[in-house]
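Undergrad: pasting a predicted model and its sequence here:
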Amino acid sequence: MTALLTVLGVIATIVFIVCVIDIFDRIKLKKDVRKNWGKPARRTRKDGEKTLKEAWEKAKSYRKYDSEVDDLTWYDLDFFEFFQKINNTKSSIGSEALYQRLRNFNFSEREHKRQEKLIQFFAENSVAREAIQYQFARLGKKDHNFVESYLSETKSQKLPHLGLYIFCACLPFVAMLSRVVLPLEFAVLLILASLVFNICYYQFKKVALEVELNSMAYLVQTVSIARKISKIQTPFQTELQQNLTTIRSISKFGFSFRVKSESEMEILVDYLNAIIMLPFISYHLVLSKIIHHDKEAQAVWHLLGELEVALAVLNLRLSSNVAICQPTFTENFQVLAENVAHPLLTNPVANPVNWRKNTLITGSNASGKSTYVKAIAINCILANTINLAFASHISLPRATVLTSMAIEDDIFAGDSYFVAEIKSVKRVLDLVASAQPCLCFVDEILKGTNTIERISASSGIIEWLSKHKQTLAFVATHDIELTEILSENCENVHFEEQVTKENGVTFDYSLRQGPATTRNAIELLQVLQYPKEIVLEAKVMAKFFDENRKWQVLK
């Protein structure tokens, strides 16, 4: 009896310590939620792109969309940097939902209307907003949780040997009762042996079943948090409550599936779980419920993701230092905007967009043309995905956005720069040929080949694109010849630099109409004190070409 009381006393002490630590953690968490609202998102060690992309790719197999941001476009535009800029989510549900929202979208208003309804509610109800954020913060983040894909494959997730786990869980208690018939020292040895065996066996099996246990742990904690959020009035309250009806009892197993961390509290809980094999037994009980109600569990997961996406978008609108607007979608295949800015720049220069037909943009390196093209592409994606743009006004069609910009050699595929480049452009042409509405952006088109072939092929590509009604192309180039060849097919805009002896090269990053006409590169050689003979020869060669449209042969 003494041994039994001792063990029960140890367990009670552990529970008491866990509760005290938990109370202090909750107080700190509430303060952090309140302090960080309306401020730029802070980067976290969680939410690595590898795990988010993995979850997105799995979700694509059972969630359908009209369009997606493919890998080349995503990396061309440094979109993961933007994701981190706005990722104010508190849970992995939110971060996965936000990542997926930025990479997939439908050509309809349904998602946008639902999002705006939530955003308006949170903007007007700060108490509810803070309470919901606190619950998500309590859930926290767990990379590689695989819950969403796990819910779509519940019938294949059963664990074997339930009887063995129950037997092991009973061992410590049987050893305690043995004191009735055995001397104290033997009973104590049996108790210690059972505890050591269970802890060792638990640690061994926990490693082997890590994915399953992590998924179940995060799922159970999600249901527990969802129950608390469902008590808070939101536009989705009824929908959330209805889907929780059949799975709400799962939250009773929350203690055995605490989200693991490195805190002292979690270590104590883990030892308690090991003594009675609680996670393995609970796993079977929860799975038996989920197998019959996986659709409701998936709906709860998606609803919670929508809540966190709306919170992240609202936080972005409140914390941005540049103008943000909601887009207007039109049937006219054109993009019109005022004060469009690149969201990743600290102090961006805003410029207008009047994109009614295929457009060539020219200008020297570092003048701003690539940044401008990327700014338009990013904002077209944001308008379609999260219903906002970094502009004072923007109207555009619903369309897929494709880019061909940051091309690199692919040594693993054996592709040279030019082969990689033409493959990148070819995927744009394939999408256009499929008659899908497309906004495409190409930076330094075909720069991996010689001048004659580059200009010939580029003009052919752009001419072909102009024949497709639901396509607009924005092409950055150094080839002024293209602006002449395509003068009847394309609009022309450019950026300029200023070269002076006093300041060297300066840029104002302001968009100008027409093709670039300045030739400041040679002047810059003179400013940087290149040998006079080089500068003079360059000017003579340029003048000869302008007058004769061919190059002078040097003797």
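TA: Looks like it came in fine.

Undergrad: in the protein, what secondary structure element scores lowest on mean pLDDT?
TA: Across the helices and strands of the chain, mean pLDDT, DSSP states H and E gives its lowest value to helix 264-276, namely a mean of 68.

Undergrad: next one: the helix or strand that that one is followed by to chain centre, how far?
TA: Along the chain past helix 264-276, the next helix or strand (assigned with DSSP states H and E) turns out to be helix 278-290. Using Cα atoms, centre = their mean, to the nearest Å, the mean C-alpha position of helix 278-290 is found 32 Å from that of the whole chain.

Undergrad: what do you get for stretch 110-129?
TA: Taking mean C-alpha positions (Cα atoms, centre = their mean), stretch 110-129 and its chain are 21 Å apart.

Undergrad: CA atoms only for that stretch - export them in PDB, please.
TA: What follows is stretch 110-129 as a C-alpha-only set of coordinates in PDB (Å, rounded to 0.1, in the frame of the first residue of the first chain):
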ATOM      1  CA  ARG A 110     -16.400  32.400 -53.500                       C
ATOM      2  CA  GLU A 111     -13.100  32.200 -51.600                       C
ATOM      3  CA  HIS A 112     -12.600  36.000 -51.700                       C
ATOM      4  CA  LYS A 113     -16.100  36.700 -50.400                       C
ATOM      5  CA  ARG A 114     -15.600  34.200 -47.500                       C
ATOM      6  CA  GLN A 115     -12.200  35.800 -46.700                       C
ATOM      7  CA  GLU A 116     -13.500  39.300 -46.800                       C
ATOM      8  CA  LYS A 117     -16.400  38.400 -44.600                       C
ATOM      9  CA  LEU A 118     -14.000  37.100 -42.000                       C
ATOM     10  CA  ILE A 119     -11.600  40.000 -42.300                       C
ATOM     11  CA  GLN A 120     -14.400  42.500 -41.800                       C
ATOM     12  CA  PHE A 121     -15.600  40.600 -38.700                       C
ATOM     13  CA  PHE A 122     -12.100  40.500 -37.100                       C
ATOM     14  CA  ALA A 123     -11.500  44.100 -37.900                       C
ATOM     15  CA  GLU A 124     -14.700  45.000 -36.000                       C
ATOM     16  CA  ASN A 125     -14.400  42.500 -33.200                       C
ATOM     17  CA  SER A 126     -10.900  42.700 -31.600                       C
ATOM     18  CA  VAL A 127     -11.900  40.700 -28.500                       C
ATOM     19  CA  ALA A 128     -13.000  37.700 -30.600                       C
ATOM     20  CA  ARG A 129     -10.000  38.100 -32.900                       C
END
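
Undergrad: what separates Thr73 from Leu429, distance-wise?
TA: The gap separating Thr73 from Leu429 is 15 Å, by Cβ to Cβ, to the nearest Å. C-betas here are computed from N, CA, C, even on glycine.

Undergrad: so those two - more neighbours on which side?
TA: Residue environment comparison for Thr73 versus Leu429 gives the larger neighbour count to Thr73, 25 against 18, counting by other Cβ atoms under 10 Å.

Undergrad: mean confidence for the longest helix along the chain?
TA: Of all the segments assigned as helix in the chain under DSSP state H, the longest by residue count is helix 2-36. For helix 2-36, the mean per-residue pLDDT is 77.

Undergrad: following that helix, which helix or strand shows up next?
TA: Next along from helix 2-36, by DSSP H and E: helix 49-59.

Undergrad: and the end-to-end length of stretch 394-404?
TA: End-to-end distance for stretch 394-404, by Cα to Cα, to the nearest Å: 23 Å.

Undergrad: check which residues of that stretch are buried.
TA: By neighbour count, with 16 or more other Cβ atoms under 10 Å as the criterion, the buried positions of stretch 394-404 are 394-404.

Undergrad: can you lay out those residues as TSV showing pLDDT and distance to Thr245?
TA: Output for the buried residues of stretch 394-404, formatted as TSV (pLDDT from 0 to 100; distance: Cβ to Cβ, whole Å):
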residue	pLDDT	distance to Thr245
Ile394	97	42
Ser395	97	43
Leu396	97	41
Pro397	96	41
Arg398	96	36
Ala399	96	40
Thr400	96	39
Val401	97	40
Leu402	96	44
Thr403	94	45
Ser404	90	50
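
Undergrad: these: which two are farthest apart?
TA: Farthest-apart pair in these is Ser395 and Ser404; separation 25.0 Å (Cβ to Cβ).

Undergrad: just the helices in the stretch 301-450 of the chain please.
TA: Here the stretch 301-450 of the chain has its helices, by DSSP state H, counting those that start in this stretch, at 369-385, 417-433.

Undergrad: and Phe80, what does it touch?
TA: Under the criterion of Cβ atoms under 8 Å, 6 or more residues apart in numbering, the neighbours of Phe80 are 49, 74.

Undergrad: how much space separates it from Gly514?
TA: Taking Cβ to Cβ as the criterion, Phe80 is separated from Gly514 by 36 Å.

Undergrad: residues contacting the residue lying closest to Phe280 once chain neighbours are set aside?
TA: If you skip the residues right next to it in sequence, Phe280 has Tyr165 as its closest partner in space, 4.2 Å away by Cβ to Cβ, 6 or more residues apart in numbering. Residues counted as contacts of Tyr165 (Cβ under 8 Å, 6+ apart) are 277, 280-281.

Undergrad: closest to Gln526 among the residues you listed?
TA: Of all these, Phe280 has the smallest distance to Gln526: 78.0 Å, by Cβ to Cβ.

Undergrad: name the helix or strand for the residue most central in space within the chain, please.
TA: If you average the C-alpha coordinates of the chain and look for the closest C-alpha using Cα atoms, centre = their mean, you land on Tyr99, 2.8 Å from that point. In this structure, Tyr99 sits in helix 92-103 according to DSSP H and E.
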